[in-house]
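Peer 1: Let me see the structure of the following:
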Amino acid sequence: MHKPFRVLITDRFDLDASTRLGSDTRFEIKRSASPFPTKHELEGIHALVIRSRTTISTELLANASQLELIITATSGFDHIDLQATSAHSPNLKVMHTPEANAASACELTWALVLACARRLPQSHQALKAGDWTRETLVGQELHGRTYGVVGLGRIGSRVARIASAFGMQVVAFDPYIEKFPQEVSSVAFEELLRIADVISFHVPATDETRHMLNQNGFAALSRQAIVVNTSRGSVIRERDLLQALNAGKVFACGLDVFEREPLPRDSALLTVPNVVLTPHLGATTGAAFAAASHEAVDKLQRYVESGVTSDLLPPNAPWFSPVN
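Peer 2: Alright, predicted model coming up:
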């Protein structure tokens, strides 16, 4: 009889997915007491199933001598030191679950767009304070305006379809897409900044995307532009964003991600009235959580059955180059 494949789950995991995995006799499932597994908990473990609170580092890997598989039940992978995993063992496989949160991240993007366009946080606060004055709450209508999508992948393509349904003209910058959807026009990044009324970012954190929206970019924007970032905080240089907001160079900004997370309590972003902030909620829906957990189980089972891997890290995919 073969020895069971020992799996350590270090963070929250969907109950149904956990039941699926626990009923598979090929696996021995353990759970760490916290997202930060101890040396003792890592002993004899063949696979780690993690989320973003578990940081994969050289120090952690040194305590996992039998480790051959890591699956992060997330789309992002900033919490994994891929140089360390490569150095640990050329046979160590690392996978992620990029499909699971695409719909949730798209919907949050649109929640932020609409909150910015119609000044919803300001309206909510004013009404709760007993103020019915509407003259200061004039918003923007999106129909007939131009939406700029930066990164036309799993999430960006969904965002573009919704923009088109709103009756917006859709333009996109993605140098790795050869054929754009019929309703989307391909433009250079500088052109997108100049003509778009709403801009949202859907790219990973890489050298190529770091601070891609900076002082020069803000100078090109319309003063009525709305900027939304639900991708990674490093994409926008926050110092330049604050300058643009304080100078009235943009209408509003919606941010789910930040250069430092959690967002520091003394961040100047917290004092700007036309900024809508959420604490990295892109994948925080029950459906996305369940989908990521089940996708992780699928990957585990396929790996044990036949050694098949999918969505390997680092990805051999557009937009990706390792961050120095």
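
Peer 1: can we go C-alpha only for contacts and neighbour counts from here?
Peer 2: Fine.

Peer 1: For the helix or strand V304 falls within, what is the distance to the chain centroid?
Peer 2: Element membership for V304 (DSSP states H and E) is helix 286-306. Here the centre of helix 286-306 is set off from its chain's centre by 19 Å, with C-alpha atoms, centre = their mean, to the nearest Å.

Peer 1: Which pLDDT value does the model give M1?
Peer 2: In this prediction, M1 carries a pLDDT score of 45.

Peer 1: Actually, V272.
Peer 2: Per-residue confidence for V272 comes out at a pLDDT of 96.

Peer 1: can you give me the helices for the stretch 201-324 of the chain?
Peer 2: For the stretch 201-324 of the chain, helices defined by DSSP state H, counting those that start in this stretch occupy the ranges 215-220, 238-246, 286-306.

Peer 1: between those helices, which one is nearest to S32?
Peer 2: Comparing these by their distance to S32 (C-alpha to C-alpha), the top pick is helix 286-306, with 16.4 Å.

Peer 1: counting contacts, what elements does the closest one pack onto?
Peer 2: Contact here means 3 or more C-alpha pairs under 8 Å, 6 or more residues apart in numbering; DSSP states H and E; on that basis helix 286-306 packs against helix 15-22.

Peer 1: hang on, the earlier thing: got the contact list for the helix holding V304?
Peer 2: For helix 286-306, contacts defined as C-alpha atoms under 8 Å, 6 or more residues apart in numbering pick out 5, 13-14, 17-18, 20-21, 49, 71-74, 96-97, 99-101, 103-104, 283, 308-310.

Peer 1: Stretch 60-79 now?
Peer 2: The contact list for stretch 60-79, computed with C-alpha under 8 Å, 6+ apart, reads 37, 39, 42-56, 84-85, 88, 91-101, 204-205, 292-293, 295-296.

Peer 1: Start and end of it, how far apart?
Peer 2: Across its full length, stretch 60-79 reaches 12 Å between end residues, using C-alpha to C-alpha, to the nearest Å.

Peer 1: same check, this time on stretch 235-251
Peer 2: Its start and end residues considered, stretch 235-251 measures 19 Å (C-alpha to C-alpha).

Peer 1: which parts of it are buried?
Peer 2: Going by neighbour count (16 or more other C-alpha atoms under 10 Å), the buried part of stretch 235-251 is 235-238, 240-242, 244-245, 249-251.

Peer 1: any chance of the helices of the stretch 201-324 of the chain in JSON lines, plus mean pLDDT and distance to S231?
Peer 2: Rendered in JSON lines, the data for the helices of the stretch 201-324 of the chain read as follows (pLDDT from 0 to 100; distance: least, C-alpha to C-alpha, whole Å):
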{"stretch": "helix 215-220", "mean pLDDT": "96", "distance to S231": "18"}
{"stretch": "helix 238-246", "mean pLDDT": "97", "distance to S231": "14"}
{"stretch": "helix 286-306", "mean pLDDT": "98", "distance to S231": "16"}
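
Peer 1: In a markdown table, list these along with distance to E178.
Peer 2: Listed next are those as a markdown table, based on distance: least, C-alpha to C-alpha, whole Å:
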| stretch | distance to E178 |
| --- | --- |
| helix 215-220 | 25 |
| helix 238-246 | 31 |
| helix 286-306 | 29 |
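
Peer 1: What ranges does the stretch 1-150 of the chain have for its helices?
Peer 2: Ranges of helices in the stretch 1-150 of the chain, per DSSP H, counting those that start in this stretch, are 15-22, 39-42, 58-62, 82-88, 102-117, 120-128.

Peer 1: pLDDT on the fourth one, on average?
Peer 2: What it means is helix 82-88. Mean pLDDT, taken over the full extent of helix 82-88, equals 96.

Peer 1: Only the buried residues of that helix, if you could.
Peer 2: Counting neighbours by 16+ other C-alpha under 10 Å, helix 82-88 gives 82, 84-85, 88 as buried.

Peer 1: Could you check how far the most centrally placed residue in the chain is from T209?
Peer 2: Compute the mean C-alpha point of the chain, and by C-alpha atoms, centre = their mean the closest residue is S231, 4.4 Å away. For S231, the distance to T209 (C-alpha to C-alpha) stands at 11 Å.
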